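*Asks:* Structure for this input, please:
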Amino acid sequence: MSLLALYDPALRGRADAPALEVGDVAGVRAFTFGALDARSDRLAAALRRRGVGTGDRVALLLANRLEFVDCWLALMKLGAIAVPMNVLYKGREIGHIVTDAAPVAVVTTADRAADLPAGAALWDIDALSGEAEGLATVRLPVALNDEMPAALVYTSGTTGLAKGAVLTHGNFAANARALVAAWRITSADRYLAVLPLFHVHGLGNGIQSWLVTGCHLRLATRFRQEAALEWFESYRPTLFFGVPTMYVRLLEAPVERARPIGAGVRLFVSGSAPLPAPVLEAFADRFGHRILERYGMTETLMNVSNPYDGERRAGTVGHPLPGVEVAIRDEAGGVVPDGTSGELWVRGPNVCAGYWQRPDATAAAFVDGWFRTGDLGVRDAADGYITLQGRRSDVIISGGFNIYPREVEELLTTMRGVREAAVAARPDPVRGEVPVAYLVCDDDVDLAGVEASLRDHVASFKIPRAFHRVASLPRTALGKVQKHLLAGLVP
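*Replies:* This is a model prediction of the structure:
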(Lines give C-alpha, C1' and ligand atoms only; values in the text may rest on other atoms or scores of the structure.)
Protein backbone atom coordinates (compact mmCIF):
# COMPACT_ATOMS: atom_id res chain seq x y z
CA MET A 1 0.00 0.00 0.00
CA SER A 2 1.30 3.45 -0.88
CA LEU A 3 1.32 6.22 1.70
CA LEU A 4 -1.25 8.18 -0.24
CA ALA A 5 -3.75 5.32 0.05
CA LEU A 6 -3.05 5.25 3.78
CA TYR A 7 -3.55 9.02 4.09
CA ASP A 8 -6.78 9.25 2.10
CA PRO A 9 -9.13 8.16 4.90
CA ALA A 10 -8.02 11.37 6.62
CA LEU A 11 -7.42 13.67 3.63
CA ARG A 12 -10.64 12.74 1.86
CA GLY A 13 -12.64 10.78 4.41
CA ARG A 14 -12.26 13.48 7.08
CA ALA A 15 -12.03 16.43 4.71
CA ASP A 16 -14.05 18.76 6.93
CA ALA A 17 -12.36 17.73 10.20
CA PRO A 18 -9.83 20.07 11.86
CA ALA A 19 -6.36 18.75 11.00
CA LEU A 20 -3.57 21.15 11.85
CA GLU A 21 -2.82 24.47 13.42
CA VAL A 22 0.36 26.52 13.19
CA GLY A 23 1.40 29.88 14.55
CA ASP A 24 2.32 31.57 17.81
CA VAL A 25 0.91 34.11 20.21
CA ALA A 26 0.61 36.57 17.31
CA GLY A 27 -1.95 34.35 15.67
CA VAL A 28 -2.80 30.74 14.89
CA ARG A 29 -3.83 29.45 11.47
CA ALA A 30 -6.04 26.37 11.31
CA PHE A 31 -6.58 23.95 8.42
CA THR A 32 -8.88 21.03 7.74
CA PHE A 33 -7.71 17.80 6.13
CA GLY A 34 -9.52 18.84 2.97
CA ALA A 35 -7.63 22.13 2.90
CA LEU A 36 -4.30 20.30 3.27
CA ASP A 37 -5.28 17.92 0.49
CA ALA A 38 -6.09 20.84 -1.81
CA ARG A 39 -2.92 22.76 -0.92
CA SER A 40 -0.73 19.76 -1.68
CA ASP A 41 -2.59 19.06 -4.95
CA ARG A 42 -1.76 22.58 -6.09
CA LEU A 43 1.84 22.31 -4.94
CA ALA A 44 2.21 18.97 -6.73
CA ALA A 45 1.01 20.69 -9.90
CA ALA A 46 3.57 23.48 -9.41
CA LEU A 47 6.36 20.95 -8.90
CA ARG A 48 5.26 19.01 -11.99
CA ARG A 49 5.39 22.25 -14.02
CA ARG A 50 8.98 22.65 -12.84
CA GLY A 51 9.81 19.19 -14.11
CA VAL A 52 9.54 16.99 -11.01
CA GLY A 53 8.45 13.46 -11.86
CA THR A 54 8.25 10.01 -10.34
CA GLY A 55 11.57 8.95 -8.79
CA ASP A 56 13.08 12.44 -8.83
CA ARG A 57 14.70 13.65 -5.61
CA VAL A 58 13.72 16.98 -4.08
CA ALA A 59 15.67 18.18 -1.07
CA LEU A 60 13.82 19.96 1.75
CA LEU A 61 15.91 22.37 3.82
CA LEU A 62 13.05 23.72 5.90
CA ALA A 63 12.30 24.37 9.54
CA ASN A 64 8.98 23.18 10.97
CA ARG A 65 6.31 25.05 9.06
CA LEU A 66 3.10 24.38 7.19
CA GLU A 67 4.92 24.29 3.86
CA PHE A 68 7.01 21.29 4.96
CA VAL A 69 3.77 19.33 5.27
CA ASP A 70 2.62 20.67 1.88
CA CYS A 71 5.88 19.53 0.28
CA TRP A 72 5.78 16.08 1.84
CA LEU A 73 2.24 15.43 0.65
CA ALA A 74 2.91 16.87 -2.81
CA LEU A 75 6.02 14.73 -3.30
CA MET A 76 4.16 11.59 -2.21
CA LYS A 77 1.41 12.42 -4.73
CA LEU A 78 4.02 12.74 -7.49
CA GLY A 79 5.87 9.55 -6.57
CA ALA A 80 8.94 11.72 -6.05
CA ILE A 81 11.51 11.23 -3.27
CA ALA A 82 11.88 13.69 -0.41
CA VAL A 83 15.39 14.38 0.89
CA PRO A 84 14.92 16.14 4.25
CA MET A 85 18.01 17.98 5.49
CA ASN A 86 18.92 19.16 8.96
CA VAL A 87 18.38 22.93 9.07
CA LEU A 88 21.42 23.27 11.33
CA TYR A 89 23.70 21.92 8.60
CA LYS A 90 26.11 24.26 6.87
CA GLY A 91 27.88 24.31 3.53
CA ARG A 92 30.03 21.18 3.80
CA GLU A 93 27.26 18.97 5.19
CA ILE A 94 24.65 20.27 2.76
CA GLY A 95 27.10 19.97 -0.11
CA HIS A 96 27.70 16.29 0.61
CA ILE A 97 23.98 15.45 0.62
CA VAL A 98 23.25 17.49 -2.51
CA THR A 99 26.15 15.88 -4.34
CA ASP A 100 25.17 12.39 -3.18
CA ALA A 101 21.39 12.57 -3.71
CA ALA A 102 21.54 14.78 -6.84
CA PRO A 103 18.14 16.38 -6.22
CA VAL A 104 16.31 18.31 -8.90
CA ALA A 105 16.38 21.25 -6.50
CA VAL A 106 16.66 22.26 -2.87
CA VAL A 107 13.42 23.73 -1.55
CA THR A 108 14.37 26.22 1.13
CA THR A 109 14.30 29.90 2.00
CA ALA A 110 16.15 32.51 -0.01
CA ASP A 111 18.56 33.30 2.82
CA ARG A 112 20.11 29.79 2.61
CA ALA A 113 21.57 30.35 -0.85
CA ALA A 114 25.13 30.75 0.44
CA ASP A 115 24.98 27.28 2.07
CA LEU A 116 24.23 25.47 -1.18
CA PRO A 117 27.02 24.16 -3.41
CA ALA A 118 27.70 25.85 -6.72
CA GLY A 119 25.28 24.77 -9.40
CA ALA A 120 22.56 23.55 -7.03
CA ALA A 121 19.09 24.84 -7.88
CA LEU A 122 17.38 26.70 -5.05
CA TRP A 123 13.60 26.87 -5.14
CA ASP A 124 12.38 29.46 -2.71
CA ILE A 125 9.52 27.93 -0.71
CA ASP A 126 7.58 31.19 -0.52
CA ALA A 127 7.76 31.76 -4.27
CA LEU A 128 6.90 28.13 -4.96
CA SER A 129 3.88 28.29 -2.66
CA GLY A 130 2.75 31.52 -4.30
CA GLU A 131 3.00 29.90 -7.71
CA ALA A 132 0.90 26.97 -6.51
CA GLU A 133 -1.94 29.18 -5.27
CA GLY A 134 -3.16 29.90 -8.77
CA LEU A 135 -3.24 26.31 -9.98
CA ALA A 136 -6.15 23.91 -10.15
CA THR A 137 -6.98 21.59 -7.27
CA VAL A 138 -6.73 18.29 -9.10
CA ARG A 139 -4.90 15.18 -7.99
CA LEU A 140 -2.46 14.08 -10.67
CA PRO A 141 -2.79 10.44 -11.84
CA VAL A 142 0.38 8.71 -10.63
CA ALA A 143 0.84 4.96 -10.11
CA LEU A 144 2.17 4.34 -6.59
CA ASN A 145 3.13 1.21 -4.65
CA ASP A 146 4.71 0.28 -1.34
CA GLU A 147 8.11 -0.55 -2.81
CA MET A 148 8.66 2.96 -4.20
CA PRO A 149 11.18 5.11 -2.32
CA ALA A 150 9.46 7.89 -0.37
CA ALA A 151 12.51 9.52 1.21
CA LEU A 152 16.28 9.51 1.44
CA VAL A 153 17.04 10.24 5.07
CA TYR A 154 20.71 10.78 5.79
CA THR A 155 22.39 9.39 8.88
CA SER A 156 24.00 11.83 11.29
CA GLY A 157 27.45 11.00 9.94
CA THR A 158 29.26 11.31 13.28
CA THR A 159 31.84 8.70 12.27
CA GLY A 160 32.13 9.52 8.58
CA LEU A 161 30.19 10.88 5.65
CA ALA A 162 26.42 10.56 6.05
CA LYS A 163 24.70 7.79 4.10
CA GLY A 164 21.22 8.09 2.62
CA ALA A 165 18.83 5.44 3.90
CA VAL A 166 16.25 4.59 1.22
CA LEU A 167 12.92 4.52 3.07
CA THR A 168 10.00 3.28 1.00
CA HIS A 169 6.28 3.95 1.13
CA GLY A 170 5.95 0.50 2.67
CA ASN A 171 8.53 1.29 5.37
CA PHE A 172 6.72 4.42 6.51
CA ALA A 173 3.33 2.70 6.28
CA ALA A 174 4.39 -0.36 8.29
CA ASN A 175 5.99 1.84 10.93
CA ALA A 176 2.90 4.02 11.28
CA ARG A 177 0.54 1.06 11.54
CA ALA A 178 2.73 -0.55 14.20
CA LEU A 179 2.87 2.63 16.30
CA VAL A 180 -0.84 3.34 15.95
CA ALA A 181 -1.60 -0.17 17.21
CA ALA A 182 1.01 -0.26 19.96
CA TRP A 183 0.38 3.24 21.31
CA ARG A 184 -3.43 3.29 20.77
CA ILE A 185 -3.41 6.41 18.59
CA THR A 186 -6.84 7.39 17.24
CA SER A 187 -8.55 10.30 15.51
CA ALA A 188 -9.50 11.62 18.95
CA ASP A 189 -5.89 12.36 19.86
CA ARG A 190 -4.25 15.78 19.87
CA TYR A 191 -0.54 15.71 19.00
CA LEU A 192 1.81 18.52 20.01
CA ALA A 193 4.63 18.35 17.43
CA VAL A 194 7.90 20.02 18.47
CA LEU A 195 10.37 17.57 16.93
CA PRO A 196 12.10 18.67 13.70
CA LEU A 197 10.35 17.28 10.66
CA PHE A 198 13.64 16.66 8.87
CA HIS A 199 14.30 13.76 11.28
CA VAL A 200 12.62 10.34 11.26
CA HIS A 201 11.41 10.84 14.83
CA GLY A 202 9.29 13.83 13.85
CA LEU A 203 8.56 12.77 10.26
CA GLY A 204 8.40 8.98 10.46
CA ASN A 205 6.62 8.73 13.80
CA GLY A 206 4.75 11.96 14.43
CA ILE A 207 3.64 13.10 10.98
CA GLN A 208 2.83 9.60 9.73
CA SER A 209 0.79 8.68 12.83
CA TRP A 210 -1.12 11.95 12.46
CA LEU A 211 -1.91 11.46 8.77
CA VAL A 212 -2.79 7.79 9.16
CA THR A 213 -5.23 8.30 12.05
CA GLY A 214 -6.62 11.73 11.17
CA CYS A 215 -5.99 13.09 14.65
CA HIS A 216 -5.26 16.77 15.31
CA LEU A 217 -1.77 18.30 15.15
CA ARG A 218 -0.33 21.48 16.63
CA LEU A 219 2.94 22.21 14.81
CA ALA A 220 5.58 24.24 16.63
CA THR A 221 8.69 25.63 14.98
CA ARG A 222 10.90 24.17 17.70
CA PHE A 223 10.91 23.22 21.36
CA ARG A 224 11.22 26.08 23.83
CA GLN A 225 10.71 25.30 27.48
CA GLU A 226 8.42 28.12 28.60
CA ALA A 227 6.48 28.15 25.33
CA ALA A 228 6.04 24.37 25.57
CA LEU A 229 4.41 24.69 28.99
CA GLU A 230 2.02 27.26 27.58
CA TRP A 231 1.24 24.98 24.61
CA PHE A 232 0.47 22.11 26.97
CA GLU A 233 -1.89 24.33 28.92
CA SER A 234 -3.66 26.00 25.99
CA TYR A 235 -3.64 23.26 23.33
CA ARG A 236 -4.12 20.40 25.83
CA PRO A 237 -2.48 17.65 23.76
CA THR A 238 -2.96 13.97 24.46
CA LEU A 239 0.26 12.95 22.65
CA PHE A 240 3.80 14.27 22.95
CA PHE A 241 6.93 12.80 21.35
CA GLY A 242 10.22 14.17 22.64
CA VAL A 243 13.91 13.55 23.23
CA PRO A 244 15.55 13.25 26.67
CA THR A 245 16.84 16.83 26.72
CA MET A 246 13.27 18.10 26.33
CA TYR A 247 12.14 16.10 29.35
CA VAL A 248 15.08 17.40 31.36
CA ARG A 249 13.95 20.96 30.56
CA LEU A 250 10.32 20.18 31.40
CA LEU A 251 11.41 18.99 34.85
CA GLU A 252 12.10 22.63 35.68
CA ALA A 253 8.34 23.29 35.63
CA PRO A 254 6.83 23.93 39.07
CA VAL A 255 4.76 21.01 40.31
CA GLU A 256 1.58 23.10 40.32
CA ARG A 257 1.92 23.43 36.51
CA ALA A 258 3.39 19.99 35.91
CA ARG A 259 0.66 17.93 37.56
CA PRO A 260 -2.27 19.22 35.45
CA ILE A 261 -0.18 18.82 32.30
CA GLY A 262 0.67 15.22 33.19
CA ALA A 263 -2.99 14.48 33.91
CA GLY A 264 -4.08 15.75 30.49
CA VAL A 265 -1.52 13.95 28.31
CA ARG A 266 -2.33 10.35 27.45
CA LEU A 267 1.16 9.44 26.27
CA PHE A 268 4.63 10.93 26.56
CA VAL A 269 7.20 9.12 24.35
CA SER A 270 10.98 9.50 24.46
CA GLY A 271 13.53 8.40 21.89
CA SER A 272 16.49 9.31 19.62
CA ALA A 273 18.86 9.13 22.60
CA PRO A 274 18.94 7.14 25.86
CA LEU A 275 16.58 8.38 28.57
CA PRO A 276 18.47 8.39 31.89
CA ALA A 277 16.58 6.41 34.53
CA PRO A 278 16.70 9.33 37.01
CA VAL A 279 14.91 11.55 34.47
CA LEU A 280 12.16 8.98 33.97
CA GLU A 281 11.64 8.65 37.72
CA ALA A 282 11.78 12.39 38.35
CA PHE A 283 9.28 13.04 35.55
CA ALA A 284 6.90 10.45 36.98
CA ASP A 285 7.17 12.10 40.38
CA ARG A 286 6.64 15.66 39.11
CA PHE A 287 4.14 15.12 36.29
CA GLY A 288 2.45 11.99 37.61
CA HIS A 289 3.06 10.31 34.26
CA ARG A 290 5.57 7.62 33.28
CA ILE A 291 7.33 8.28 29.96
CA LEU A 292 7.33 5.47 27.39
CA GLU A 293 10.82 4.86 25.98
CA ARG A 294 11.32 3.18 22.63
CA TYR A 295 14.17 2.39 20.24
CA GLY A 296 14.57 3.06 16.55
CA MET A 297 17.04 4.40 14.03
CA THR A 298 17.14 6.17 10.69
CA GLU A 299 17.48 2.99 8.68
CA THR A 300 14.69 1.06 10.41
CA LEU A 301 12.31 3.63 11.85
CA MET A 302 10.94 2.06 15.07
CA ASN A 303 11.96 -1.38 16.30
CA VAL A 304 11.20 -1.80 19.98
CA SER A 305 8.92 -0.15 22.53
CA ASN A 306 8.04 -0.34 26.18
CA PRO A 307 4.39 -1.38 26.53
CA TYR A 308 1.47 1.00 26.54
CA ASP A 309 -0.15 -1.21 29.14
CA GLY A 310 2.31 -2.78 31.54
CA GLU A 311 5.65 -1.88 33.04
CA ARG A 312 7.59 0.94 31.41
CA ARG A 313 10.88 -0.18 32.82
CA ALA A 314 13.60 2.39 33.46
CA GLY A 315 16.72 1.79 31.40
CA THR A 316 15.04 -0.55 28.92
CA VAL A 317 13.34 -0.10 25.56
CA GLY A 318 10.86 -2.96 25.95
CA HIS A 319 9.83 -5.53 23.34
CA PRO A 320 9.80 -5.65 19.50
CA LEU A 321 6.90 -3.82 17.87
CA PRO A 322 4.28 -5.75 15.87
CA GLY A 323 5.81 -7.21 12.72
CA VAL A 324 9.41 -6.54 13.81
CA GLU A 325 11.89 -9.29 14.66
CA VAL A 326 14.97 -8.64 16.81
CA ALA A 327 17.85 -11.08 17.26
CA ILE A 328 20.87 -10.50 19.49
CA ARG A 329 24.02 -11.95 17.97
CA ASP A 330 27.73 -12.27 18.55
CA GLU A 331 30.48 -11.03 16.22
CA ALA A 332 30.26 -14.22 14.15
CA GLY A 333 26.52 -13.78 13.65
CA GLY A 334 25.43 -16.47 16.06
CA VAL A 335 22.40 -15.89 18.30
CA VAL A 336 23.48 -15.42 21.93
CA PRO A 337 21.50 -16.69 24.93
CA ASP A 338 19.20 -14.28 26.76
CA GLY A 339 21.14 -12.37 29.38
CA THR A 340 24.21 -12.17 27.11
CA SER A 341 25.35 -8.99 25.38
CA GLY A 342 25.41 -8.83 21.61
CA GLU A 343 24.55 -6.76 18.56
CA LEU A 344 20.90 -6.18 17.72
CA TRP A 345 19.89 -7.45 14.29
CA VAL A 346 16.48 -6.39 12.98
CA ARG A 347 14.16 -7.77 10.33
CA GLY A 348 10.75 -6.49 9.23
CA PRO A 349 8.78 -4.28 6.84
CA ASN A 350 10.12 -1.20 8.65
CA VAL A 351 13.71 -1.78 7.50
CA CYS A 352 15.02 0.43 4.70
CA ALA A 353 15.74 -0.83 1.19
CA GLY A 354 19.46 -0.08 1.60
CA TYR A 355 21.77 2.91 1.25
CA TRP A 356 21.52 5.26 -1.70
CA GLN A 357 24.21 4.42 -4.27
CA ARG A 358 26.26 2.59 -1.62
CA PRO A 359 26.18 -1.13 -2.49
CA ASP A 360 29.23 -1.66 -0.28
CA ALA A 361 27.54 -0.20 2.78
CA THR A 362 24.30 -2.03 1.98
CA ALA A 363 26.12 -5.36 1.69
CA ALA A 364 27.91 -4.76 4.99
CA ALA A 365 24.69 -3.88 6.83
CA PHE A 366 22.43 -6.68 5.55
CA VAL A 367 22.93 -10.40 6.17
CA ASP A 368 20.32 -12.88 4.93
CA GLY A 369 17.56 -10.29 5.19
CA TRP A 370 18.62 -9.06 8.65
CA PHE A 371 19.85 -5.50 9.25
CA ARG A 372 22.84 -5.13 11.56
CA THR A 373 22.06 -2.09 13.69
CA GLY A 374 25.49 -1.61 15.23
CA ASP A 375 23.74 -1.21 18.60
CA LEU A 376 24.59 -3.47 21.51
CA GLY A 377 22.05 -4.84 23.92
CA VAL A 378 20.85 -7.68 26.09
CA ARG A 379 17.47 -9.40 26.39
CA ASP A 380 16.16 -10.23 29.84
CA ALA A 381 15.83 -14.00 30.23
CA ALA A 382 12.74 -13.70 32.42
CA ASP A 383 10.46 -11.38 30.46
CA GLY A 384 12.20 -10.41 27.21
CA TYR A 385 12.74 -6.71 27.93
CA ILE A 386 15.64 -5.38 25.84
CA THR A 387 18.26 -3.09 27.38
CA LEU A 388 20.57 -1.12 25.09
CA GLN A 389 24.25 -0.87 25.94
CA GLY A 390 25.40 1.67 23.37
CA ARG A 391 26.88 1.58 19.91
CA ARG A 392 29.23 -1.20 18.92
CA SER A 393 31.66 1.51 17.80
CA ASP A 394 31.48 3.12 21.27
CA VAL A 395 32.69 0.05 23.15
CA ILE A 396 35.98 0.76 24.90
CA ILE A 397 38.45 -2.14 24.93
CA SER A 398 40.87 -1.46 27.75
CA GLY A 399 43.55 -4.01 28.52
CA GLY A 400 41.40 -6.72 26.94
CA PHE A 401 38.27 -5.82 28.92
CA ASN A 402 35.12 -4.52 27.22
CA ILE A 403 33.65 -1.38 28.76
CA TYR A 404 30.14 -0.28 27.80
CA PRO A 405 30.01 3.51 28.26
CA ARG A 406 26.24 3.61 28.77
CA GLU A 407 26.51 1.52 31.95
CA VAL A 408 28.94 4.02 33.48
CA GLU A 409 27.00 7.04 32.17
CA GLU A 410 23.77 5.86 33.77
CA LEU A 411 25.47 5.39 37.13
CA LEU A 412 27.01 8.85 36.93
CA THR A 413 23.66 10.51 36.28
CA THR A 414 22.25 8.99 39.49
CA MET A 415 24.74 10.99 41.56
CA ARG A 416 23.73 14.22 43.23
CA GLY A 417 24.39 17.27 41.09
CA VAL A 418 25.34 15.36 37.93
CA ARG A 419 22.86 16.39 35.24
CA GLU A 420 24.44 14.78 32.16
CA ALA A 421 27.35 12.41 31.57
CA ALA A 422 29.23 11.02 28.61
CA VAL A 423 32.05 8.47 28.64
CA ALA A 424 34.39 8.08 25.68
CA ALA A 425 37.70 6.42 24.85
CA ARG A 426 41.13 8.02 25.07
CA PRO A 427 44.19 6.33 23.55
CA ASP A 428 46.54 4.79 26.11
CA PRO A 429 50.02 3.39 25.40
CA VAL A 430 49.63 0.53 27.88
CA ARG A 431 45.95 -0.46 27.84
CA GLY A 432 45.20 0.54 24.25
CA GLU A 433 42.43 2.90 25.34
CA VAL A 434 40.89 4.00 28.60
CA PRO A 435 37.54 5.60 29.52
CA VAL A 436 37.24 9.33 30.21
CA ALA A 437 34.13 11.01 31.67
CA TYR A 438 32.68 14.38 30.73
CA LEU A 439 30.15 15.75 33.21
CA VAL A 440 27.63 18.56 33.11
CA CYS A 441 27.20 19.14 36.82
CA ASP A 442 26.64 21.66 39.57
CA ASP A 443 29.61 23.78 40.63
CA ASP A 444 29.74 22.20 44.08
CA VAL A 445 30.09 18.64 42.76
CA ASP A 446 33.38 17.13 43.94
CA LEU A 447 34.80 15.14 41.03
CA ALA A 448 37.01 13.11 43.34
CA GLY A 449 33.92 12.20 45.30
CA VAL A 450 32.16 11.14 42.11
CA GLU A 451 35.05 8.81 41.30
CA ALA A 452 35.06 7.37 44.81
CA SER A 453 31.33 6.72 44.69
CA LEU A 454 31.60 5.09 41.28
CA ARG A 455 34.20 2.63 42.65
CA ASP A 456 31.55 1.26 44.99
CA HIS A 457 29.41 0.17 42.06
CA VAL A 458 31.56 -1.03 39.16
CA ALA A 459 34.78 -2.92 38.51
CA SER A 460 38.00 -0.96 38.65
CA PHE A 461 38.72 -1.30 34.91
CA LYS A 462 35.46 0.57 34.17
CA ILE A 463 36.44 3.63 36.23
CA PRO A 464 37.20 6.64 33.98
CA ARG A 465 40.86 7.68 34.16
CA ALA A 466 39.83 11.34 34.09
CA PHE A 467 36.71 13.34 34.97
CA HIS A 468 36.13 16.62 33.15
CA ARG A 469 33.56 19.24 34.08
CA VAL A 470 32.02 20.76 30.92
CA ALA A 471 29.35 23.38 30.33
CA SER A 472 27.38 21.18 27.92
CA LEU A 473 27.72 18.04 25.81
CA PRO A 474 27.91 18.39 22.02
CA ARG A 475 24.72 16.96 20.59
CA THR A 476 22.98 16.50 17.27
CA ALA A 477 19.71 18.31 16.62
CA LEU A 478 17.87 15.31 18.09
CA GLY A 479 19.96 15.16 21.24
CA LYS A 480 22.49 12.40 20.50
CA VAL A 481 25.86 13.04 22.08
CA GLN A 482 28.61 13.52 19.48
CA LYS A 483 31.35 11.64 21.27
CA HIS A 484 33.97 12.37 18.65
CA LEU A 485 33.81 16.03 19.73
CA LEU A 486 34.20 15.46 23.47
CA ALA A 487 37.98 15.53 23.58
CA GLY A 488 37.97 19.00 22.06
CA LEU A 489 36.05 20.38 25.05
CA VAL A 490 39.06 20.26 27.37
CA PRO A 491 42.63 21.49 27.03
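
*Asks:* only C-alpha atoms for contact and neighbour calcs from this point on.
*Replies:* Noted.

*Asks:* domain assignment for this protein?
*Replies:* When the chain is parsed with automatic domain parsing, its domains come out as 3-222, 291-391, 395-489.

*Asks:* Which residues are in contact with A220?
*Replies:* By CA atoms under 8 Å, 6 or more residues apart in numbering, the residues touching A220 are V22, G23, N64, R65, L192, A193, V194.

*Asks:* Need the buried ones from those selected in PyMOL.
*Replies:* To isolate the buried ones among the contacts of A220 in PyMOL, judged by 16 or more other CA atoms under 10 Å, type:
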select buried, resi 22+64+65+192+193+194
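
*Asks:* Confidence-wise, which of the contacts of A220 comes last?
*Replies:* Note: of the contacts of A220, the lowest pLDDT belongs to G23, at 83.

*Asks:* could you measure the nearest residue to it once chain neighbours are set aside against A38, distance?
*Replies:* Here the nearest residue to G23 in space, its sequence neighbours aside, is R29; by CA to CA, 6 or more residues apart in numbering that works out to 6.1 Å. Taken as CA to CA, to the nearest Å, the spacing of R29 relative to A38 amounts to 16 Å.

*Asks:* Of these two, which one has the most company?
*Replies:* When neighbours are counted by other CA atoms under 10 Å, A38 comes out ahead of the other of R29 and A38, with 22 against 10.

*Asks:* where's the host helix or strand of that one relative to the chain centroid, distance-wise?
*Replies:* According to DSSP states H and E, A38 maps onto helix 33-49. Relative to its parent chain, helix 33-49 has a centroid offset of 27 Å by CA atoms, centre = their mean, to the nearest Å.

*Asks:* Give the pairing partners of the strand or helix carrying the residue nearest to G23; include direction for each.
*Replies:* Using DSSP H and E, R29 falls within strand 27-32. Partner strands for strand 27-32, per DSSP bridges, with pairing direction: strand 18-24 (antiparallel).

*Asks:* what residues are up against L78?
*Replies:* Applying CA under 8 Å, 6+ apart, one finds that L78 lies in contact with A44, R48, V52, G53, T54, L140, V142.

*Asks:* could you pull out the strands for the stretch 101-250 of the chain?
*Replies:* Defined through DSSP state E, counting those that start in this stretch, the strands belonging to the stretch 101-250 of the chain, from first to last, are 106-108, 122-124, 149-154, 164-168, 190-193, 216-219, 239-242.

*Asks:* other SSEs contacting the third one?
*Replies:* Translated: strand 149-154. Based on contacts counted as 3 or more CA pairs under 8 Å, 6 or more residues apart in numbering; DSSP states H and E, the elements that strand 149-154 packs against are strand 81-84, strand 164-168.

*Asks:* can you put those strands in JSON lines and add mean neighbour count?
*Replies:* Output for those, formatted as JSON lines (neighbours: other CA atoms under 10 Å):
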{"stretch": "strand 81-84", "mean neighbour count": "26"}
{"stretch": "strand 164-168", "mean neighbour count": "25"}
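
*Asks:* Serialize those to a markdown table and add fields for mean pLDDT and distance to A273.
*Replies:* Listed next are the helices and strands packed on strand 149-154 as a markdown table, based on pLDDT from 0 to 100; distance: least, CA to CA, whole Å:
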| stretch | mean pLDDT | distance to A273 |
| --- | --- | --- |
| strand 81-84 | 98 | 20 |
| strand 164-168 | 97 | 19 |
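
*Asks:* So which residues of the stretch 251-400 of the chain form helices?
*Replies:* Per DSSP state H, counting those that start in this stretch, the stretch 251-400 of the chain carries helices over the ranges 255-264, 277-287, 359-365.

*Asks:* Deepest-packed of these, please.
*Replies:* Sort those by mean neighbour count, taking mean count of other CA atoms under 10 Å, and helix 277-287 sits at the top with a mean of 18.
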